[in-house]
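Q: Just a sequence and a predicted model for now, questions to come.
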Amino acid sequence: MKGNDSKSIPVTVILLGCLLMVAGCMAVGPDYKPPQTSTPTEWSTVLNGGLSTAAADTNLLERWWTVLDDPILDDLIERARTGNLDVHQAEARVREARAQRGIAKADLSPTIGASISASRTGSSEEAGFGSTSDLFLAGFDASWELDVFGGKRRSLESATASLQASEESLRDVLVSLLAEVALNYVEVRSSQELLSITESNVTTRSETYDLTRWRREAGLTTQLDVDQARLSLEQVRAQVPTLRTSLEQAKCRLAVLLGQAPGTLNELLAEPKPVPVTPDEVAVGVPADLLRRRPDVRNAERQLAAQTAEIGVAEAARYPDLTLLGSIGLESLTFPNLFSASALATQGLAKSAWTLFEGGSIRQNIKVQTARQEQALSYYEAAVLEALKDVENVMVAYANEQTRRSSLVEAVKSGQSAFELARDQYTSGLVSFQTVLDTQQSLLSVQDQLAVSQARVTTNLIGLYKALGGGWSPVNAAPAAIRETASQQTL
């Protein structure tokens, strides 16, 4: 008997070792491969207006707002990074995903527990011997469910990809936030510019109104000219409250984006400043660069990776599981003898369970996970197309608005000259007052359009940097997740 036992031990160890090797290599379900999405080699939009296909500077994209050369905007951006509540929520989601990954990783490890107990049992003299006995126990218990078919490793793979997706979501929040801060800042400066133009026109039309009253008193014109001048003055004056409302609302939105109460930025933004000027040239790179940079595209790719791993998790349920159980401890009827060699007690057990019939639920779950993977792939492809569309649209808008702005600059010059000539000629009695009103109204209109166009050029540039995925870096976003394989690191 002893000889047979000595021969069986090495065989058991060998079989267990082979089983562990299989468990370390085998994983059911498809291995993830990044999708090979074809992208155009160049943009369909004819690049002009300072746009070029030169490779975008990564460092510049991370801090694109610095090209506007506005210290106040720089300060607002940095305050938004740390104060915005949406960013705080996204950071908490990253921490949650990291903890979920930790749980999935812990499932691969054995579970070890410790226990200690002392009990006393006494029997009655009627039913027993009327004796009392003590039992002292101390020991460790361990259990380990071997991941023979890779279900737990697929679960860890899914959790890792989900963590990476949450990091990309955080970066996407940063991209949108910083663009919104810049857009609202431009709106503040644009509203201040429009308010300044309108108040200047109120002053000019007040002078015109005074001129018509003087000419009416001198008998050189009729009451009609006076009434028309007053009408024109009050129409422009009525625009001032609306512009002030827009200005205050933009300040409030900006404060909330920084995680602050409305009104906290009033002192900082009280002094009117011009709309930040755009640089002479902007490098947009090529379409392939966009897919590596856009957080929403990167997020969709990581979600696809996570869902692919879920298929393996579902398929692993079709196979048996193997659990190793063991305990080592001390047993004694007296406490002084508990730590003696003769008190040692051990136990080992290996068990396996296999679901033989479940009505097809496992098979259907595999189909569910496969369908979800197909959905994730379509979502990724849609994100790629959306990214390409965003860049194309904003490039067209940016280039064309610069052309429009150039025409409006010339229009303002001509409008100013026409108004001054009309007013001089009216004073000399050479033209009617209607000519003065028409030129004055045309001048105000083109001045407003120019102010709006100047702001729109800058907002289009902000939109372009947002579409290119600018505004984040691994340093200012969440810490990088542990990359399980090289294929999961990049697209």
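A: Structure received.
Q: Domain ranges for the protein, per the record?
A: Domain segmentation of the chain under automatic domain parsing yields 26-108+148-318+361-488, 110-146+320-353.
Q: Spatially nearest residue to L170, not counting backbone neighbours?
A: A90 (4.1 Å; C-beta to C-beta, 6 or more residues apart in numbering). Every residue, glycine included, has its C-beta placed from N, CA and C.
Q: Looks like the one you found contacts A165 (just checking).
A: No - assessed by C-beta atoms under 8 Å, A90 is found out of contact with A165, at 11.7 Å.
Q: show me where the chain has strands.
A: Taking DSSP state E, the strands of the chain run over residues 51-52, 111-122, 132-146, 282-283, 321-332, 344-353.
Q: looking at these, which is buried most?
A: Ranked by mean neighbour count, these are led by strand 282-283 with a mean of 19 (mean count of other C-beta atoms under 10 Å).
Q: From the chain's centroid, how far away is that strand?
A: Distance of strand 282-283 from its chain centroid, counting by C-alpha atoms, centre = their mean, to the nearest Å, is 23 Å.
Q: Other residues contacting it?
A: With C-beta atoms under 8 Å, 6 or more residues apart in numbering as the test, strand 282-283 has contacts from 50-57, 398, 461, 464.
Q: quick one, helices of the protein?
A: Assigned by DSSP state H, the helices in the chain fall at 2-25, 58-62, 71-83, 85-106, 151-217, 223-237, 239-257, 287-293, 295-316, 361-427, 433-467.
Q: Apart from its neighbours in sequence, what residue is nearest T204?
A: Using C-beta to C-beta, 6+ apart, the nearest residue to T204 is Q440, at 7.2 Å.
Q: out of the helices of the chain, which comes closest to T37?
A: Nearest to T37 among these is helix 361-427 (5.3 Å), distances taken as C-beta to C-beta.
Q: for the helices of the chain, which one sits closest to A341?
A: Taking the helices of the chain one by one with C-beta to C-beta, helix 2-25 is closest: 20.9 Å.
Q: low pLDDT regions in the chain?
A: 1-25, 49, 123-130, 474-491 (pLDDT under 70).
Q: Just list the residues touching the spatially most central residue of it, thanks.
A: Central residue of the chain (C-alpha atoms, centre = their mean): D172, 2.2 Å from the mean position. By C-beta under 8 Å, 6+ apart, the residues touching D172 are 295-296, 299.
Q: do L324 as well
A: L324 sits in contact with 110, 142-146, 348-350, where contact means C-beta under 8 Å, 6+ apart.
Q: Pull out the buried positions in stretch 275-286.
A: Buried residues in stretch 275-286, counted by 16 or more other C-beta atoms under 10 Å: 275-276, 278, 282-285.
Q: Using CSV, write out every CA atom in that stretch.
A: Provided in CSV are the C-alpha atoms of stretch 275-286 (Å, rounded to 0.1, in the frame of the first residue of the first chain):
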residue,chain,number,x,y,z
VAL,A,275,-12.0,89.0,-29.4
PRO,A,276,-8.8,86.9,-29.5
VAL,A,277,-7.1,86.9,-32.9
THR,A,278,-6.5,83.7,-34.8
PRO,A,279,-3.0,82.6,-36.0
ASP,A,280,-1.9,83.0,-39.6
GLU,A,281,-1.7,79.2,-40.2
VAL,A,282,-3.2,76.1,-38.6
ALA,A,283,-1.9,72.6,-39.2
VAL,A,284,-4.7,70.0,-39.4
GLY,A,285,-2.7,66.9,-40.5
VAL,A,286,-4.3,64.1,-42.4
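Q: List only buried entries from the contacts of strand 282-283.
A: 51, 56, 398, 461, 464.
Q: related to what we said a few turns ago, measure the residue nearest to L170 to T198 for me?
A: 40 Å (C-beta to C-beta, to the nearest Å).
Q: again, but for L76
A: In terms of C-beta to C-beta, L76 sits 26 Å off from T198.
Q: And R120, by the same measure?
A: 95 Å.
Q: circling back: how far away is the residue nearest to L170 from K466?
A: Counting by C-beta to C-beta, the gap from A90 to K466 is 17 Å.
Q: Apart from its chain neighbours, what residue comes closest to L233?
A: Using C-beta to C-beta, 6+ apart, the nearest residue to L233 is R205, at 4.2 Å.
Q: next one: P262
A: Closest to P262 by C-beta to C-beta, 6+ apart is C252, at 3.8 Å.
Q: ok, how many other residues are close to the one you found?
A: 18 (other C-beta atoms under 10 Å).
Q: ok, now how distant is it from E180?
A: C252 is 13 Å from E180, by C-beta to C-beta.
Q: sorry, back to before: from memory the residue nearest to L233 sits against S232, does it?
A: Yes - R205 lies in contact with S232 (C-beta under 8 Å); the separation is 5.5 Å.
Q: anything in contact with each of these two?
A: Common neighbours of R205 and S232 (C-beta under 8 Å, 6+ apart) are Q440.
Q: OK, contacts around V396?
A: T45.
Q: Would you quantify the distance from it to R171?
A: The value you get for V396 to R171, if C-beta to C-beta is used, is 26 Å.
Q: since we're on the residue lying closest to L254 once chain neighbours are set aside, how many residues are nearby?
A: In space, L254 comes closest to N184 once its chain neighbours are excluded; the distance is 4.4 Å by C-beta to C-beta, 6+ apart. As a burial measure, N184 scores 20 neighbours (other C-beta under 10 Å).
Q: Might you report the residue contacts of N184?
A: Contacts of N184 (C-beta under 8 Å, 6+ apart): 250, 253-254, 257.
Q: same deal with S246?
A: 187, 191.
Q: what about 10 Å?
A: With contact taken as C-beta atoms under 10 Å, 6 or more residues apart in numbering, S246 is in contact with 187-188, 190-191, 194-195.
Q: Then L85?
A: 256-259.
Q: likewise R79?
A: R79 sits in contact with 181, 255, 257-260, 265, where contact means C-beta under 10 Å, 6+ apart.
Q: right, and out of the buried residues of stretch 275-286, which lies closest to T160?
A: Among these, and counting by C-beta to C-beta, the member closest to T160 is G285, at 29.2 Å.
Q: and the closest residue to the closest one other than its chain neighbours, how far is that from E331?
A: Closest residue to G285 apart from its sequence neighbours, by C-beta to C-beta, 6+ apart: A56 at 4.5 Å. Per C-beta to C-beta, A56 is found 72 Å from E331.
Q: Then Y465?
A: Y465 is 72 Å from E331, by C-beta to C-beta.
Q: One more: L324?
A: 22 Å.
Q: E420 contacts T439, doesn't it?
A: Yes - E420 is within contact range of T439, at 8.7 Å (criterion: C-beta atoms under 10 Å).
Q: Many thanks, have a good one.
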